[in-house]
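# after the sequence you'll find the predicted model.
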Amino acid sequence: MSMHVLYLRNIKTTKMSNEELIAKLKPIVANYAQDKEALEKINPQTDFINDLKINSANLVDVVLDVEEEFDIVVDNESMEKMLNVQAAMEIIAAKLAEKE
Amino acid sequence: MIGNDIVDLIQASEDSNWKRPGYLEKLFTSEEQFLISSDIQPDNLVWLLWSMKESAYKISSRKSKLREFAPVKLICNNLIIHDNTATGNVTYNGQLYFTSSIIDKSYIHTIAALSQEELASIKVEIIETKDHQIRINNPDCVSHHGSFLALVYA
């Protein structure tokens, strides 16, 4: 049996990595996060309300800032799920892909 | 089941600029936006409607254990505003919630319940404190914001 290997190493992609997305998200949520310790440890599992203690009325500001930063429109259906870093990254990636 | 939400009006004015373009559209239905734009005290109406939505959402999320950030799906209705109080309804995912609010000069506090009877029997305790960990006699729902802590009992 021969093994099939697909090498993707050298394919150039315009897709932003998770690290790049988190690096861009961090200063946005930093404006509203009340738990600065959780902010320093930000990772895909970080919850905006439970971990960062972002006031729910400020979640809208996070969404509006994300729209400006990435030049995308976050529709209400996407906003419903934007409760943590992972969901935010998925939504941003999907909206950026739609633009291409 | 009951819910509550308190908004410290000074804290809210420091933390949120609801006049920011796009802000109201993401939080409020077009009818709610119209109400806000035609009110002589739009600040108070923004936070009154917001606290109505939050108090109803708290009941819903505890019942269903599901979380979502869908403020426009929480629809305020039948709002009657007196001098320092207000009553209304919120509908969310097909469920009707009854609300009653107090409009103080420094805060707005809303309680929500699934029936008028349940709403009428709610006991409220509002404490001015920055210590948000205080709990007295096992409250059924707790809300804190800025300088205020609100505890409610069914």
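Perfect, thanks for sending it. Numbers count the residues shown, from 1 in each chain, chains lettered A, B, ... in the order given.

# what about the closest residue to chain B within chain A, how many neighbours?
Nearest residue of chain A to chain B: A:Glu80, at 4.3 Å (CB to the nearest CB). Just so you know, the C-beta spots here come from the backbone N, C-alpha and C atoms, and that holds for glycine as well. With neighbours defined by other CB atoms under 10 Å in any protein chain shown, the count for A:Glu80 comes to 16.

# got a pLDDT number for A:Leu8?
What the model reports as pLDDT for A:Leu8 is 65.

# so which bits of the longest helix belonging to chain B are buried?
As assigned by DSSP state H, the longest helix anywhere in chain B is helix B:42-64. Buried residues in helix B:42-64, counting neighbours by 16 or more other CB atoms under 10 Å in any protein chain shown, are found at B:44-60.

# and that helix, how far out from the chain middle?
Distance of helix B:42-64 from the chain centroid (CA atoms, centre = their mean, to the nearest Å) equals 4 Å.

# kindly export the following helix or strand past that helix (C-alpha atoms) in PDB.
Once helix B:42-64 ends, the next helix or strand along the chain (criterion: DSSP states H and E) is strand B:75-81. The C-alpha trace of strand B:75-81 is given here as PDB (Å, rounded to 0.1, in the frame of the first residue of the first chain):
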ATOM      1  CA  ILE B  75     -39.300  42.600  20.800                       C
ATOM      2  CA  CYS B  76     -40.700  45.300  23.200                       C
ATOM      3  CA  ASN B  77     -44.400  45.900  23.000                       C
ATOM      4  CA  ASN B  78     -47.300  47.600  24.800                       C
ATOM      5  CA  LEU B  79     -45.000  50.000  26.600                       C
ATOM      6  CA  ILE B  80     -46.800  52.400  29.000                       C
ATOM      7  CA  ILE B  81     -44.600  55.000  30.600                       C
END
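
# give the buried residues for whichever helix or strand comes after strand B:75-81.
Counting by DSSP H and E, the element after strand B:75-81 in chain order, helix or strand, is strand B:85-92. Buried residues in strand B:85-92, counted by 16+ other CB under 10 Å: B:86-90, B:92.

# picking up where we left off before, can you pull the contacts of the residue of chain A closest to chain B?
With contacts defined as CB atoms under 8 Å, 6 or more residues apart in numbering or on different chains, A:Glu80 is in contact with B:68-70, B:73.
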